[in-house]
Each structure stands twice: as structure tokens, then as C-alpha cells.
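Enquirer: okay, here's the prediction I keep looking at, along with the sequence it came from:
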Amino acid sequence: MFRLIDCRLARLACIFSTTILLQSLAWPCSNGERGFSYPQSPKVPSIVSERYRTAYHFQPPRNWMNEISGPMYYNGVYHEFYQYNPDGAFDPNDSLMNMVWGHSVSTDLINWIGLEPAIKPDIPSDICGCWTGSATILFGVQPVIIYTGLIDRKANQVQNIALPKNRSDPYLREWAKVGSNPVIQHVIPGLNSSHFRDPTTGWIGPDGLWRIAVGAEVNGIGTALLYKSEDFMSWTRIERPLYSNNALNMWECLDFFAVVPGSNNGLDMSSEIPSGAKHVLKVSINSCDMYIVGVYDLKRDEFVPDTVQDDNRLWTRIDYGTFYASKSFFDSKHGRRVIWAWSNETDSYSDDIAKGWAGIHSIPRTIWLDGDGKQLIQWPVEEIESLRINEINHQGLELKKGDLFEIKGIDTLQADVEIDFEPTSIDDAETFDPSWLFDPRKQCREADASVHGGIGPFGLVILASDNMEEHTAVHFRVYKSEQKYIILMCSDLRRSSLRPGLYTPAYGGFFEFDLENEKRISLRTLIDRSAVESFGSGGRICITARVYPVALVDDDGAHMYAFNNGSTTVRVPQLRAWSMKRAQVNVMKGGSVIDA
Ligand code: DQQ
């Protein structure tokens with residue numbers, strides 16, 4: 001048994017209780033997830049430090065990057081295209097400047113070779129920017145990219161197609177736009193033509209016709225417009241949309257895919273979908289990626305949600321942190337569906353310019369539907385485990401109220417940590433208040449790591465400075481709601497850094513848990529310098545965060561602890577952690593970095 005040996009947890013409580021942070025209450029994802037520019041304090045080292053750059057997350061060598069566009073696996077190679085600004089570390093969309101499709105390739109989704117951009121604005125139908133889109137592999141042989149082009153400075157949008165110039169080039173380096181672009185125009189009554197974008201990967205119907213959905217706002221209502229085609233080149237709109245819902249307006253970066261409940265085998269949307277499969281519609285809006293599970297009514301060509309939720313605050317999220325515009329693809333190499341997303345910087349815009357880089361992509365995750373048919377499960381692709389070194393292992397720890405156990409022997413700045421928590425009793429769970437579902441972040445602020453509970457808070461304190469002035473707390477708290485248990489998971493960044501001008505919320509989400517039978521609540525956290533990706537309960541809930549602790553730049557490094565601050569003792573039957581090696585991200589074969 002390991003007892004708290006110093007007063008650091010008390011200090012954690014003191015720091016928390018004296019902190020009042022203003023948060024946006026209006027929207028659960030809190031739009032504008034950026035820091036504000038502050039004069040740098042002389043006590044804080046400059047943000048311009050290579051130590052904040054991630055070591056195994058995807059990013060280009062320099063400049064601005066936003067979301068994934070058109071991921072695919074073709075002829076033994078993974079392709080990651082991304083929204084990229086070749087002109088600097090600022091968002092070119094702010095002034096409708098040169099957004100291109102950056103391009104990298106990989107054979108394992110972890111190590112990437114950077115290539116020249118695949119698509120650049122150079123035709124009338126994309127002259128003001130090549131925005132997001134998708135890749136579809138027609139009949140397993142012909143890759144096609146369909147993407148949004150900006151046709152003018154008013155951001156009017158149309159859809160274009162590009163094809164590889166040479167299909168026998170293993171990297172598909174060069175892409176040619178078809179002469180018939182734009183293949184889809186914005187000619188729909190009530191359509192806001194600057195909100196008509198991000199076509200999905202195509203899927204094929206029993207009639208042999210291809211379909212795609214395009215995100216739109218029609219008469220102010222969020223809509224997935226549906227198009228059909230015989231040859232993927234000439235498209236007709238189906239009058240009835242695939243789905244629309246007035247809980248939200250413009251839907252960005254739609255993703256639509258089939259899943260079999262309880263099976264982690266992925267399905268290829270270009271093949272026949274087995275009966276019993278469900279469909280998932282993912283929409284991105286205001287920094288949130290949300291999803292709906294339902295059935296695809298083939299006769300009506302319509303998506304019918306299992307549950308219609310009118311209040312968008314209650315929509316389930318793919319990830320409750322900084323994780324936006326996700327896109328999935330069917331990975332035929334492993335028969336799985338893989339999703340990943342953009343995690344933007346949460347420092348200030350001027351910090352980005354100073355650093356010279358902005359934006360990373362999450363670790364690719366396998367995604368499938370739980371056996372209950374309601375909840376998506378996500379787990380980092382197994383290839384990431386090839387970066388693990390120096391395993392440490394603890395078994396049979398016990399954390400009483402107030403205990404803090406230091407996890408030593410690994411690189412705390414680049415780590416993969418897996419820990420299971422098992423409350424020794426379920427009697428002391430506090431009562432759940434359903435109104436909390438509307439704002440889990442508020443609950444994470446009010447019931448933070450310093451606030452004693454019945455079962456929890458327990459979890460990890462990571463990237464902590466010697467005196468705990470800086471730390472990030474990732475933790476759980478168990479509540480009882482009638483016949484079931486509901487768990488709050490938080491990733492609290494409010495004390496993550498002494499640096500001024502950062503966006504440091506307490507992210508959080510709730511999930512149902514069968515505590516009586518499952519007993520163990522697992523947490524996996526991938527720490528990669530300024531990136532922290534946490535997976536609760538085997539991937540039922542995910543929270544991605546960006547942090548910029550001063551301790552990361554200090555030579556002393558940072559500490560990591562497991563803790564419990566609830567009155568119920570918590571067993572830790574298993575704790576495994578590894579240091580993570582650096583991946584080869586966008587490095588040319590000879591070792592030099594591509595200047596994309
Ligand atoms: N980013 C792209 C758009 C998309 C938005 C432009 C989402 O296509 O809607 O870079 O982040």
C-alpha cells in the first residue's frame with residue numbers, strides 16, 4: 001500500500017480553491033478555443049521552444065495545418081491529406097488565401113513521409129482556396145478526391161474532383177483536376193452558398209449508384225444534402241436530404257459510415273453493407289464533433305436517427321476536448337475503420353506566428369460501435385505501441401483518500417500510460433443531477449480534483465511542476481442515477497501552465513457505466529509534450545487537450561502521479577506506462593525534412 005508522503009495533494013486543493021476562471025457558458029464546446037495575446041511575463045520562458053512540438057503526433061514541418069482531408073489506404077500506402085497554409089503559421093481562411101491540400105504517406109499510420117502539396121488553388125472553381133473533401137476508391141482501383149473549392153472572395157463554394165495523374169506511382173504524388181469542374185454547383189433554393197462544403201466519402205447503393213453527402217445550411221437549418229451519380233463525375237441532387245435537424249446550423253466535415261454493433265471490424269462503404277448494421281452521421285460545428293447513430297433507410301435514401309435530440313448540448317461527442325473536423329476511412333489492410341482529427345493550438349495566434357507552426361492531428365484511432373448500439377468506442381491504432389520503450393509496471397496499489405502516488409522511471413513528457421481503478425465499495429456514489437448533462441465542463445470546474453467526493457475524484461495528475469503550481473488533472477467521479485451509474489471524466493487544464501494568454505478550460509463529459517459488473521474504470525493517456533489524449537473506460541469517452549507548461553521547457557522536467565481524492569479507497573490492480581520514442585513525422589527518406 002502506498003500512502004501520500006508529502007503535502008502536494010493539499011497544495012493541489014489550495015491552488016484549485018483559490019482559482020476562479022471565467023468560462024463561456026453558452027455553448028458546450030465553447031467556440032473560439034484560443035488563447036488571447038498577452039505581453040509575455042519575464043518569469044515565463046518564450047513559447048518558441050522545440051520542446052512544445054509533439055514527437056509522435058502528425059504535423060507538417062512548419063506553418064499552419066487544420067483538418068484531415070481525404071484519408072485513404074491504397075496499394076499498401078496510407079495517405080494523409082490535410083488543409084495546409086504554405087505561407088505561414090496562420091489560418092489562411094481568415095482572409096480566404098492560399099489553402100492547399102498538404103500530402104504525406106505512410107505504411108503504418110505513425111511514421112510519415114512528407115510530399116509536395118497534392119491540390120492547390122489554380123482553376124476558377126477553387127481559385128480562393130481548396131477546402132476539405134474526401135477520397136473514395138472506386139471498385140478498389142480508382143482513387144478519386146472530391147473537395148470544396150472557393151470561387152470568390154465571398155467564400156461561395158462548389159465541389160470539384162481530382163484524380164491521380166499516375167496510378168502506378170506508389171505515393172500518388174500528382175493529382176489532376178477534371179475538366180468538368182465544378183461537378184456540383186450551389187444552385188439550391190434557400191442554400192447559403194458560403195455554407196455548402198466538405199463532401200463525404202462516396203458509398204454505393206443496391207442500385208449500383210454512388211452517393212455522397214455535402215454539408216450545408218438551407219434556410220438556416222443544418223443539412224446533409226444527398227447527391228447520386230452513375231460515374232462519380234456527374235451528380236444529381238436528391239430532393240430529400242440525407243438528414244437535417246434544426247438544432248444546429250451549418251454542418252462542416254460530415255462523415256457517414258456503417259458499423260455493426262459490438263464488432264470492431266470496419267465496413268467498407270463501397271461494398272454491400274450487411275443487414276443489422278447501423279449508420280453513424282458525424283457533424284462538426286463550433287469546435288465540436290458530434291454524432292448520431294441510426295439506420296439508413298435504403299428505400300427512402302434517408303438517415304433515420306435512433307433518437308432525435310433537439311437540444312444540441314445533449315448530442316454525444318466523438319471527443320470532449322480539442323478535436324475537430326474528424327474524418328474516418330476504411331482501412332482494408334486491417335479490416336478496421338480509422339478516425340482522426342485536427343487538434344488546434346490553444347495558445348494565442350501571435351504565439352503561433354512566433355513558433356512558426358500551428359496544428360497537429362490526433363493519433364489515428366480504431367472506431368467501432370459498442371454492443372449497446374449507442375456508443376462509439378475509440379482506441380489508438382495498435383501501431384502506436386511500436387513507439388513504446390522502458391515499460392514500468394505496478395500491481396496491487398491502493399489509493400486511499402488523499403493519496404498521491406508518483407509514477408517514476410519513464411519520460412513524463414512523452415509517455416503512454418494505462419491504469420485501471422477499482423473502487424473498493426460502490427455505496428458512497430453521490431447522486432447524479434441530470435441537469436449536469438447540459439454542461440459537463442461546469443461540473444468539472446465545480447467538482448474538480450481538489451473537491452472530495454464519495455467515489456472519486458481519482459485519476460492522473462500529469463505534466464506537474466515540482467511544487468504542483470503547474471499540473472493537468474485527468475480524472476473520474478462516479479455518480480448514482482436511479483438504477484445506473486454515471487461517470488464524469490474531466491481533463492482539467494486550468495492549472496496546466498503559468499504562461500499567460502492560453503485557453504485552459506476544464507473539459508469533461510459523462511458516460512454510463514455498469515459499475516456493479518464491470519468494476520474497473522480504465523484510463524489511457526498519451527502524453528506528447530503539448531498534446532494529451534485521454535481514453536476513459538476502454539475508449540467510451542475521449543478527451544484531447546493541448547497544454548504548454550513551463551515545466552516542459554525547464555530542464556527539471558515534469559512529474560506524473562496517480563491520485564484519489566474520494567472517501568472510497570480505490571485499488572489500482574494494474575498500472576503500466578512507457579516512454580514513447582519519437583516517430584519519423586514528415587521526414588524524407590534521407591533524413592531531410594520536406595518543405596511542403
Ligand atoms: N475547414 C475547411 C472547411 C471546413 C473547415 C477549410 C472546418 O472546408 O468546413 O479549411 O475546420
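Expert: Everything's here; your move. Here the structure is a predicted model, which means the values were calculated and not measured.
Enquirer: which helix or which strand is home to the residue of the stretch 451-596 of the chain found nearest the ligand?
Expert: Across the stretch 451-596 of the chain, no residue is closer to the ligand than Thr544, which sits at 15.2 Å (Cβ to the nearest ligand atom). C-beta here means a position set from N, CA and C on the backbone, and glycine is covered the same way. Using DSSP states H and E, Thr544 sits within strand 541-546.
Enquirer: in the stretch 401-550 of the chain, which spans are helices?
Expert: 440-446, 515-518 (DSSP state H, counting those that start in this stretch).
Enquirer: least reliable of these going by mean pLDDT?
Expert: Within the helices of the stretch 401-550 of the chain, confidence is poorest for helix 515-518, with a mean of 93 (mean pLDDT).
Enquirer: hmm, who's touching stretch 289-308?
Expert: With Cβ atoms under 8 Å, 6 or more residues apart in numbering as the test, stretch 289-308 has contacts from 205-206, 211, 224, 226, 228, 238, 240, 242-243, 245, 253, 256, 258, 273, 278-284, 309, 312, 315-319, 323-326, 341, 369, 373-374, 376.
Enquirer: now the buried members of the residues you listed.
Expert: 211, 224, 226, 228, 242-243, 245, 253, 256, 258, 273, 278-284, 312, 315-319, 323-326, 341, 369, 376 (16 or more other Cβ atoms under 10 Å).
Enquirer: any chance of the helices of the stretch 401-550 of the chain in a markdown table, plus mean neighbour count and distance to the ligand?
Expert: Below are those laid out as a markdown table (neighbours: other Cβ atoms under 10 Å; distance: least, Cβ to the nearest ligand atom, whole Å):
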| stretch | mean neighbour count | distance to the ligand |
| --- | --- | --- |
| helix 440-446 | 20 | 21 |
| helix 515-518 | 12 | 36 |
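Enquirer: now for the residue nearest to Val461 when sequence neighbours are not counted, how many residues are close by?
Expert: Using Cβ to Cβ, 6 or more residues apart in numbering and skipping residues adjacent in sequence, the residue nearest Val461 is Tyr561, 4.5 Å away. Neighbour count for Tyr561, taken as other Cβ atoms under 10 Å: 24.
Enquirer: residues in contact with Tyr561?
Expert: So Tyr561 contacts Arg8, Leu404, Phe405, Glu406, Ile407, Leu460, Val461, Ile462, Ala464 (Cβ under 8 Å, 6+ apart).
Enquirer: ok, 7 Å please
Expert: When contacts are counted by Cβ atoms under 7 Å, 6 or more residues apart in numbering, Tyr561 touches Leu404, Phe405, Glu406, Ile407, Leu460, Val461, Ala464.
Enquirer: go ahead and confirm the last one touches Ala449.
Expert: No. Between Ala464 and Ala449 there is no contact, the gap being 11.4 Å when judged by Cβ atoms under 7 Å.
Enquirer: ok so, going back, and which of the contacts of Tyr561 is nearest to Phe196?
Expert: Distances from Phe196 to the contacts of Tyr561, taken as Cβ to Cβ, are shortest for Leu460 (43.1 Å).
Enquirer: on that earlier part again, any chance of JSON lines for the contacts of Tyr561, columns pLDDT, distance to the ligand and neighbour count?
Expert: Output for the contacts of Tyr561, formatted as JSON lines (pLDDT from 0 to 100; distance: Cβ to the nearest ligand atom, whole Å; neighbours: other Cβ atoms under 10 Å):
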{"residue": "Leu404", "pLDDT": "97", "distance to the ligand": "39", "neighbour count": "24"}
{"residue": "Phe405", "pLDDT": "98", "distance to the ligand": "40", "neighbour count": "20"}
{"residue": "Glu406", "pLDDT": "98", "distance to the ligand": "39", "neighbour count": "17"}
{"residue": "Ile407", "pLDDT": "98", "distance to the ligand": "36", "neighbour count": "20"}
{"residue": "Leu460", "pLDDT": "98", "distance to the ligand": "30", "neighbour count": "28"}
{"residue": "Val461", "pLDDT": "98", "distance to the ligand": "32", "neighbour count": "25"}
{"residue": "Ala464", "pLDDT": "97", "distance to the ligand": "33", "neighbour count": "26"}
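Enquirer: check these and tell me the two furthest apart.
Expert: Farthest pair in these, by Cβ to Cβ: Phe405 and Ala464, 12.7 Å.
Enquirer: now intersect the contacts of stretch 289-308 with the strands, please.
Expert: 211, 224, 226, 228, 238, 240, 242-243, 245, 253, 256, 258, 278-284, 316-317, 324-326, 341, 369, 376 (DSSP state E).
Enquirer: overlap between these and the residues near the ligand?
Expert: Filtering the ones in strands among the contacts of stretch 289-308 for proximity to the ligand by Cβ under 6 Å from any ligand atom leaves Cys253, Ala325.
Enquirer: which sections of the protein are below the confidence cut-off?
Expert: 1-33, 35-42, 588-596 (pLDDT under 70).
Enquirer: how is it partitioned into domains?
Expert: 63-380, 388-580 (the TED database).
Enquirer: in contact with the residue positioned nearest the centre of the chain: list those residues for me.
Expert: Nearest residue to the geometric centre of the chain (Cα atoms, centre = their mean): Phe323, 3.2 Å. Phe323 makes contact with Asp289, Ala341, Ser343, Ser362, Thr544 under the criterion Cβ under 7 Å, 6+ apart.
Enquirer: generate a PyMOL selection restricted to the buried subset of these.
Expert: A single PyMOL command selects the buried members of the contacts of Phe323 (16+ other Cβ under 10 Å):
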select buried, resi 289+341+343+362+544
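Enquirer: run the chain-centre distance for stretch 560-569.
Expert: Centroid displacement of stretch 560-569 relative to its chain, using Cα atoms, centre = their mean, to the nearest Å, is 27 Å.
Enquirer: what's the answer for stretch 73-80, then?
Expert: Distance, stretch centre to chain centre, for stretch 73-80: 21 Å (Cα atoms, centre = their mean).
Enquirer: contacts for that stretch next, please.
Expert: 58, 68, 71-72, 103-107, 109, 112, 137, 143, 170-172, 329, 331-333.
Enquirer: take those residues and keep only those in strands.
Expert: Cross-referencing those against strands under DSSP E gives Ile68, Pro71, Met72, His103, Ser104, Val105, Ser106, Ile137, Pro143, Phe329, Asp331.
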